[in-house]
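Peer 1: Below: sequence and its predicted model.
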Amino acid sequence: MKLQVAMDLLTIEDALTLAGQVAEYVDIIELGTPLIKAAGLAVVTAVKNAHPDKLVFADMKTMDAGELEADIAFKAGADLVSVLGTADDSTIAGAVKAAKAHNKGIVVDLIGVEDKVTRAKEARTLGAKFVEMHAGLDEQAKPGYDLTGLLRAGEEARVPFSVAGGVNLRTIEAVQRAGAEVAVVGGSIYSAADPAQAAKDLRDAIIGALELQRN
Ligand SMILES: O=C([C@H](O)CO)[C@H](O)[C@H](O)COP(=O)(O)O
């Protein structure tokens, strides 16, 4: 399972600092939606230039103009771009067209989608590289929130998926057991007193769980 750091920060400077601290422990560096809105796509270019060996994920959360928005993110240096599962099929198909032209990938973010299993299958048929079983920051803040529903949807959908929604050191093993291709971790890394140590602990937990599965 790959580890993706989600950087919900606000400046290019902070993004480059965090990326530098955690890059050795993560596979994918995500520029969060608030960061792209605050700093523009220049942050994608800056992080890709600083870490050409990492996959860079532009969390565009595109809802319309799929081909155009994906194209500008890929041109800025993104390897993966997110489109919302609530968007029209034509928006997802347009973004996939741009991804094919750049030889890159589209991730369909299922935030706010009621029937995530059905939409995950549809997104995959439309050409998504994988889907994101995602509960956003606002949904996580509701009382009683936990990851269980996302993990069950991932298991049921039987398509490649990532999980995002407050994943942390306590829950990352369950994410791996559910069969996720990617665990997305934001706050548990960027809000940690020592982000590098937090990312290393998550990486070690993934390796530890993998060894347990093998034995
Ligand atoms: O995508 C995200 C959210 O919509 C704000 O951009 C988060 O990056 C994602 O939920 C992962 O962050 P955590 O939930 O803090 O782990």
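Peer 2: Cool, got the structure.
Peer 1: how far does the lengthiest helix in the chain sit from the chain's center?
Peer 2: Using DSSP state H, we find that the single longest helix of the chain is helix 195-214. Put simply, helix 195-214 sits 18 Å off its chain's centre (C-alpha atoms, centre = their mean, to the nearest Å).
Peer 1: which outside residues touch it?
Peer 2: Outside helix 195-214, the residues within contact range by C-beta atoms under 8 Å, 6 or more residues apart in numbering are 1, 3, 5, 18, 21-22, 25-26, 169, 172-173, 176-177, 183, 185, 188-189, 192. (Glycine included, C-beta is placed from N, CA and C.)
Peer 1: So which of those residues belong to strands?
Peer 2: Taking DSSP state E, the ones among the contacts of helix 195-214 that sit in strands are 3, 5, 183, 185.
Peer 1: tell me the two of these that are most distant?
Peer 2: Farthest pair in the ones in strands among the contacts of helix 195-214 (C-beta to C-beta) is V5 and A183. Separation: 10.1 Å.
Peer 1: can you count the residues close to T45?
Peer 2: 16 (other C-beta atoms under 10 Å).
Peer 1: can you offset everything so residue one is 11?
Peer 2: Understood, numbering begins at 11; the last thing we discussed is T55.
Peer 1: What helix or strand is it located in?
Peer 2: Assessed by DSSP states H and E, T55 sits inside helix 52-60.
Peer 1: Which element is encountered next along the chain beyond that helix?
Peer 2: Note on helix 52-60: by DSSP H and E, the next helix or strand toward the C-terminus is strand 65-72.
Peer 1: Please tell me how far S100 sits from P44.
Peer 2: For S100, the distance to P44 equals 27 Å [C-beta to C-beta, to the nearest Å].
Peer 1: Hmm, I typed the wrong one, I wanted K210.
Peer 2: 25 Å.
Peer 1: With T101 instead?
Peer 2: Here T101 is placed at a distance of 21 Å from P44 (C-beta to C-beta).
Peer 1: which phi and psi does the one residue in the chain that gets nearest to the ligand have?
Peer 2: Nearest residue of the chain to the ligand (C-beta to the nearest ligand atom) works out as G196 at 2.4 Å. As for G196, its main-chain torsions (degrees, to the nearest 10) stand at phi -110, psi -90.
Peer 1: so what pLDDT did it get?
Peer 2: Note for G196: predicted pLDDT of 98.
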